[in-house]
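Peer 1: Here is a sequence with its predicted model. Questions after.
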Amino acid sequence: MMSLRLALYAVIASLASRAQANNNAYDFTPDSGSILLESTVPAVLGASNLTTSQDVMPVGQLSSYWTGSFVTASNNHQYLLINHVMYIGTGSSYLATTHISVYDINTKSFSQNVYSEFTTGPFAWSTSSSSSAPLLRRSASLNGIDALSADNVTQLHSWSRAPNNTFDLVVDATSAVLLNGGMGQFELMGAACVEWGLTKGRTSGNITLAGGAVVAVDPARSFTWYDRQFSVPGSGSSTGGNYTWFSLILPGTPIRASIWAVDTATTKRRLATFRFDNGTHVTKTFKFTPLADGIYTSKNTNITYHTKHRLTFPDGDYINVAATSLDQEQYNTTSAAGIAYEGFSVMDVSLFGRRAAGYGTTEITTVKASA
C-alpha cells in the first residue's frame with residue numbers, strides 16, 4: 001500500500017515539476033458554450049433562478065461571491081487570481097470581508113491581501129442608459145465582483161486594485177452551471193446553504209505586476225470559475241468548524257467537480273458534486289485523508305495546513321491532490337478578517353472509468369459558530 005501511494009504521488013510530483021520547467025504547462029482553455037439562466041436553484045428568499053439568486057443578501061448570515069481565474073498572460077506566465085467578497089449584516093449595514101491573491105504558477109511567487117470594512121452599499125450601479133435597470137455591485141474599497149449584463153450573470157467584472165494584487169477581468173458565462181449537491185443546496189455546518197458555480201467562463205483583461213508592468217490576459221487560454229453561495233435564514237445556526245473545499249478541472253474530459261470536506265465538533269460531512277458537459281450531476285461521498293508529507297505551518301499565523309490529500313470513493317475511484325507551493329495563505333494579522341489557505345493544486349484521479357490529470361484549488365479555513 002505504501003509503495004502504491006508513493007507511486008501515485010510520484011505522478012503528482014511529475015506534473016508539478018513539468019509545470020515549473022515549461023511555460024503554459026496547463027490547459028486553461030475556456031468553455032465555448034452558454035448557460036441556461038433559468039437553471040433552477042432552491043426557491044428561497046424569492047430566488048428561483050441564477051439571476052434572482054445573485055441579489056440575495058440574507059440578514060445575519062453569509063452571502064459570498066468568489067472568482068478563481070486561471071489565466072495565461074502575454075508574458076507567457078500562467079496565474080491563479082483569487083477574488084472573494086463576503087457579506088454578513090443587518091440589512092442596512094454589512095461587514096464586507098475580502099480575500100485577494102495572485103499566484104504565479106511558473107515562478108511560484110505569491111502575494112495576497114485580506115481586509116474587512118463596514119459598508120451600507122450601494123449594492124447596485126447604474127448603466128449609462130437611463131432605461132437600464134441597476135446592475136449587481138458587490139464591491140469593497142479595493143476589490144469587487146460586479147455585473148456587466150442586465151441579467152447579472154452572463155458577463156461579470158472581477159477586479160482588484162490592492163497593492164501587488166491588481167487585475168481587471170471580464171468574465172463571460174460560457175459554462176453550464178454546476179449545482180452543489182445536484183440541486184444547488186446542501187447542509188454546511190448545521191445550516192442550509194445555496195451554492196452554484198460557472199466553472200470555465202471565458203476571461204479577458206489584464207494584470208498589473210508588482211513592478212508596474214501590465215500584461216494582457218489571453219482569452220483563448222484563460223477561464224474563471226465563478227462561485228455564488230449564501231446561507232438560508234431560518235435553516236439553523238452555523239455550528240462552526242473546519243472545512244476543505246476543492247474545485248476540480250480535468251482538461252480533455254467533461255468532468256468538473258466541487259468537493260466539500262466539513263468537520264464540526266460532532267459531525268463529518270463529505271460531499272463531492274460532479275457535473276458533466278451535458279448538465280448531468282452526480283454526487284458521491286468519500287473518505288478524506290490529509291497526508292502527513294504535505295504539512296505546512298505558516299510563519300505568518302502559526303496555523304498548520306495539510307496541502308496534500310487523498311479522497312477515496314466507495315466504488316474504488318480516487319482523487320490525489322497536492323498544492324504546487326506550500327505558502328499560499330491569505331491572512332491579515334491586524335484585522336478581524338478571516339484567514340484561509342487558497343492554493344493552486346494538481347490532481348491525479350481515477351473517476352468514472354477514466355484516469356486523468358487535472359488541477360484546481362484547495363481552500364482550507366475555520367468558521368466560527370454564528371451567534
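Peer 2: Everything's here; your move.
Peer 1: pretty sure residue 347 is touching residue 324, no?
Peer 2: No: look at residue 347 against residue 324 with CB atoms under 8 Å: they stay out of range, at 10.9 Å. Yep, even glycine has a C-beta here, placed from its N, CA and C like the rest.
Peer 1: who's more crowded, the two?
Peer 2: Of the pair residue 347 and residue 324, residue 347 is the one with more neighbours under other CB atoms under 10 Å, namely 25 against 21.
Peer 1: Tell me the spacing between the more buried one and residue 148.
Peer 2: Using CB to CB, to the nearest Å, residue 347 is found at 32 Å from residue 148.
Peer 1: mean confidence for the strand or helix carrying residue 166?
Peer 2: Secondary structure from DSSP states H and E places residue 166 in strand 165-172. Here strand 165-172 scores 98 as its mean pLDDT.
Peer 1: What of stretch 257-275?
Peer 2: Stretch 257-275 shows a mean pLDDT of 95.
Peer 1: in that stretch, what's buried?
Peer 2: Using 16 or more other CB atoms under 10 Å as the test for burial, stretch 257-275 gives 257-264, 269-275.
Peer 1: One more: stretch 89-101?
Peer 2: Across stretch 89-101, burial judged by 16+ other CB under 10 Å covers 89, 94, 96, 97, 98, 99, 100, 101.
Peer 1: what's the answer for stretch 102-118, then?
Peer 2: Neighbour count says stretch 102-118 has 102-106, 108-116 buried, by 16+ other CB under 10 Å.
Peer 1: before we move on, what about stretch 338-352?
Peer 2: The neighbour-count criterion (16+ other CB under 10 Å) identifies 338-351 as the buried residues of stretch 338-352.
Peer 1: ok, which pair from these is furthest apart?
Peer 2: 338 and 350 (34.1 Å; CB to CB).
Peer 1: related to what we said a few turns ago, which strands or helices does the strand holding residue 166 pack on?
Peer 2: strand 63-72, strand 78-89, strand 94-104, strand 110-119, strand 155-162, strand 191-208, strand 223-231 (3 or more CB pairs under 8 Å, 6 or more residues apart in numbering; DSSP states H and E).
Peer 1: Adjacent strands (with direction) for it?
Peer 2: Here strand 165-172 has these sheet partners by DSSP bridges: strand 155-162 (antiparallel), strand 191-208 (antiparallel).
Peer 1: and the angle from the first one to strand 63-72?
Peer 2: So that's strand 155-162. Using axes from the mean of the first three to the mean of the last three CA atoms, to 10 degrees, the interaxial angle of strand 155-162 with respect to strand 63-72 works out to 90 degrees.
Peer 1: quick check: angle from strand 155-162 to strand 110-119?
Peer 2: Comparing the axes of strand 155-162 and strand 110-119 via the same axes, to 10 degrees yields an angle of 100 degrees.
Peer 1: what are the C-alpha coordinates of strand 155-162, in PDB please?
Peer 2: Output of strand 155-162 as PDB, limited to C-alpha atoms (Å, rounded to 0.1, in the frame of the first residue of the first chain):
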ATOM      1  CA  GLN A 155     -21.000  38.900 -18.000                       C
ATOM      2  CA  LEU A 156     -19.200  39.800 -14.800                       C
ATOM      3  CA  HIS A 157     -16.400  42.200 -13.900                       C
ATOM      4  CA  SER A 158     -13.800  40.800 -11.400                       C
ATOM      5  CA  TRP A 159     -11.400  43.400 -10.300                       C
ATOM      6  CA  SER A 160      -8.800  44.400  -7.700                       C
ATOM      7  CA  ARG A 161      -6.600  47.400  -7.100                       C
ATOM      8  CA  ALA A 162      -5.000  46.100  -4.000                       C
END
